[in-house]
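Q: Return atomic coordinates for the entry below.
(2 chains)
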There are 2 protein chains.
Amino acid sequence: MRKVMIADAMRFMEDCLKAVGCAAKAAEQQAQLLIQADRYGHPSHGLNRLEMYVNEISSGSCMPNNKPKVLRETASTAWIDANNVLGATASHYAMDVAINKAKETGVAWVTVKGSNHNGMVGFWAQKAANKGLIGMAFTNTSPLLAPTRSKQSALGTNPIAVVAPAAQGESFYLDMATTAVAVGKIEMQRKKGEPLPAGWAQGPDGRETRDAKLAFRTGCLMPLGGREETSGYKGFGLAAMVELFCGISSGSNYGHHIRSWTHSGEGEPANLGHCFVVIDPECFAPGFRERLADSILHWRQLAPTDPELPVLAPGDKEKAAAAEADAKGTISYVRQQIESSAALAKRLKVKPMEVEME
Amino acid sequence: MRKVMIADAMRFMEDCLKAVGCAAKAAEQQAQLLIQADRYGHPSHGLNRLEMYVNEISSGSCMPNNKPKVLRETASTAWIDANNVLGATASHYAMDVAINKAKETGVAWVTVKGSNHNGMVGFWAQKAANKGLIGMAFTNTSPLLAPTRSKQSALGTNPIAVVAPAAQGESFYLDMATTAVAVGKIEMQRKKGEPLPAGWAQGPDGRETRDAKLAFRTGCLMPLGGREETSGYKGFGLAAMVELFCGISSGSNYGHHIRSWTHSGEGEPANLGHCFVVIDPECFAPGFRERLADSILHWRQLAPTDPELPVLAPGDKEKAAAAEADAKGTISYVRQQIESSAALAKRLKVKPMEVEME
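A: Predicted coordinates for the structure are as follows:
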C-alpha cells in the first residue's frame, strides 16, 4: 500500500477534472464525493472512479458546465433534468431541492433524469442528515445484476442509502448495493489478483463463479441473497424497486436500456436516473434521535457469536475508516491505483500526487 | 391438503372475530387481509394467523372497536395513533390518509403507533396501487432477526412492500421480509415436519441450523444475505431501516423493546409501528406505466440458467397463485391448519369451515 495526504489527493482530483474543462466548483464537489468514499474505506468509489469521470468529460459524453433544472414540481415533489452534468453537481442540486421542500411539508420525493454516475450514494443521504433530517438516495447504474434464474444481466447494482441523525453523537448510516456486492469490489479483487468469495457473481453459463476476471468480463453479479434458495429474488426485487424510483419514474434510461459499463467514457450520454427522499422526523413522535441512539447502542452490545467479532451498527465500519484516515491525514491506495493515477497525471499534464510508501 | 371454498373461509374468519366481540366491518377487513395472503400463496400470513388475532382480542390486549386518530399532520405527512385496533383497521385508516395526501401534494409519508400485526404488508401497498399510485408499506414486528455477528435477536422480520401499476394489465408487486425468510415459513416447515434450507436461521450458539423446531424455539432468523461473507449485514441494515421508519419514527415499541412473538395473545398491547408511503407517478416523467410494463416484460423473457425455470418478475408467483385459487374458487390448507381451525370453531362456538379432501 502507498499513502497520500488527503489534501493532496483532493487537489489532484480537482486538477484532473479542471484539466478536461470542468469549472472549479463542479470539480471540487466531484472530488469531495470521491475523497469521502476513500476516507470511508470504499476505495472502489473513490480515486478509482476519477479516470472514468475524466474520460466521460473529455469524450464529450458528460457536460460538466451545464445547469440542471426543475421540469415539474409540487410542494413536496420535483422532477429534475440534470442536463448531463456530473453526478455530484446533479445530486447536490436535487438534494438541495428535496431538503428545502421537506423543511416545508415534512417530506420530499425528487427524481432526476439526464445524469451521470453519482458515486457513493450515502454521501447524498448524509447531506440531508447533516441538516437534522432523514435522507435517502437511490441511483440506477449500468446493467450488471442478473435477475434470479437469469443468465443475463438486466439491472444495475442499484444502491439504497438511508442516513439519519441520532442522539449522543450517533447516526444511522446505511449505503448498500442491491447486488451481493458492488461491482467495485469485483474490480478490487481483480486488481489484487484474488478470487471471489461465494455468492458474488455468475459466469456466462449462469452458474456462480469464483474467478474475478471471468466475473468482471461476464458482468453478471448475483443479487443480495444470492441464489433462489437463499431468497436472491428479494435482492432482485430491491434492485427493481430502485429502478422504479429512478429511471422508470424520471424518464431517464432504465434497466436494460442503460449503456454497458464503460471505463473509456465514449458513446452517448449515460442519461442515468436518481431519486432523493428527505423526511423530517419532527413531523412524527418526539424523541426520534434518542430512540435511534438507544437502538444503535443496543445492537453494539449484543452477545457476539464469535467473541472476537463484536456486532456493528450500520455505518460503524465507515466511521472507523474515516476516523483512522483523518487521524493520519492520509489515505492508503493499492500500487495499481497509484500507477494508474500517475499515468493519468502524465496524460492530463497535471502535477501527480505525492506518494509515500507505507 | 384439504380445500375450502374461498367464501366459506372468509365467512369463518369473520365469524371467529365477531365471536370475540369484533364489530362487523373490522372483522371483514381483517378477514380480507388473511384471505388475500392465502390466495397469494402465503399461507403463513392467512388463516394460520387467525387464532393469534382472536387470542389478542379475547385476552384484551387488542381493542378492535377503538378508533384510530391523527396526532399530528402536515400537507404531506401524518402521525397516527392506532389506539390498539386490529392491524387491518389501523392500516386501512392510515393508507387512506396517505392516499388522500399524495393526491394533493404528490407524496405522503405516514407513521403509525399503537397498532397490532398488520399481516401481509403488500396488501397495504396494493391499496395505493389500485388508485394508480405507487404504494409502500413497512411494519415492525417482534424480535426474531439476529443482527450480523449476534447470537441474540434484536429486530423483527420487518417487511418492505412496494406495489405500482403498469401498462398492459401488469403491476410491480414486491413484498419481502428483510430476514432471509419470514417466520411463518419456519412455522410451516415445522408444521410439515421438514428441515430448513441453508441460510434461514441460527441455533442458540449463533451458528446456522437446519432444525425447524430448534430454529422456531431459538427465534433467531438470519437477515437477507445470510452470513457476513455473503453480505447479511445488508439485510440487517434493511431491517433496521424499516424499524427507523416504523417504531423509531412513530414512537411505538421498537426493536428489542417489542414483546416476544406470542401465539397466546396474552400480555401488554403489542404497540407496533407501521409506515405507509404513497407517491403519485404523474408528478414525474410521463410514461411511467409503459416503462414499468416494458421492464416487467423484459425480465420475463431473459435467457434462463435452467430452461425449465423461467425468470419471474416480482409478484408473478403471487399472481399465479391468486389466479389458480380464483379459478378453482377454493384455497388449499395443510391438515394441521384444518384441525386447528376446527378446534377454534369449537372453542368459539362458530360454524366450522366445510372442508373437502383434495
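Q: And the helices in the stretch 201-350 of chain A?
A: A:212-218, A:232-243, A:249-250, A:288-300, A:316-328, A:335-348 (DSSP state H, counting those that start in this stretch).
Q: centroid residue for chain A?
A: Geometric centre of chain A, nearest residue: A:Met120, 2.1 Å, by Cα atoms, centre = their mean.
Q: Comparing the helices of the stretch 201-350 of chain A, which yields the minimum mean pLDDT?
A: Among those, helix A:212-218 has the lowest mean pLDDT, at a mean of 93.
Q: quick one on the thing from earlier: Throw the helices of the stretch 201-350 of chain A into a markdown table and include distance to chain B, thanks.
A: To be clear about C-beta, it is placed using only N, CA and C from the backbone, and glycine gets the same treatment. Shown next, in a markdown table, are these (distance: least, Cβ to the nearest Cβ, whole Å):
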| stretch | distance to chain B |
| --- | --- |
| helix A:212-218 | 12 |
| helix A:232-243 | 4 |
| helix A:249-250 | 5 |
| helix A:288-300 | 5 |
| helix A:316-328 | 9 |
| helix A:335-348 | 24 |
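Q: So which of those helices is nearest B:Glu290?
A: Taking Cβ to Cβ, helix A:249-250 is the member of the helices of the stretch 201-350 of chain A nearest to B:Glu290, at 12.4 Å.
Q: Identify the residues contacting that closest one?
A: For helix A:249-250, the external contacting residues (Cβ atoms under 8 Å, 6 or more residues apart in numbering or on different chains) are A:79-80, A:111-113, A:273-275, B:279, B:281, B:284-285, B:288.
Q: Make a PyMOL selection of whichever of the residues you listed turn out to be buried.
A: Entered in PyMOL, the line below selects the buried ones among those, by 16 or more other Cβ atoms under 10 Å in any protein chain shown:
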select buried, (chain A and resi 79+80+111+112+113+273+274+275) or (chain B and resi 279+281+284+285+288)
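Q: quick one, what contacts the residue nearest to the centre of chain A?
A: Per Cβ under 8 Å, 6+ apart, neighbours of A:Met120: A:33, A:36-37, A:40, A:42, A:45, A:175.
Q: Tell me the most packed of these, by neighbour count.
A: In terms of neighbour count, A:Asp175 stands highest of those at 27 neighbours, by other Cβ atoms under 10 Å in any protein chain shown.
Q: Surely it touches A:Gly119?
A: No - the pair A:Asp175 / A:Gly119 is not scored as a contact, 10.4 Å apart, by Cβ atoms under 8 Å.
Q: quick one: low-confidence parts of chain A?
A: Where chain A drops to pLDDT under 70, the residues are A:263-266.
Q: show me the contacts for A:Ala345.
A: Here A:Ala345 is in contact with A:12, A:16, A:351-353 (Cβ under 8 Å, 6+ apart).
Q: circling back to that earlier point, so which of the helices of the stretch 201-350 of chain A is nearest B:Met188?
A: Of those, the one closest to B:Met188 (Cβ to Cβ) turns out to be helix A:232-243, at 17.8 Å.
Q: which helices and strands sit right next to the closest one?
A: If you count contacts as 3 or more Cβ pairs under 8 Å, 6 or more residues apart in numbering or on different chains; DSSP states H and E, helix A:232-243 packs onto strand B:171-176, helix B:288-300.
Q: Sheet partners, orientation included, of the shortest one?
A: The strands beside strand B:171-176 in its sheet (DSSP bridges) come out as strand B:160-165 (antiparallel).
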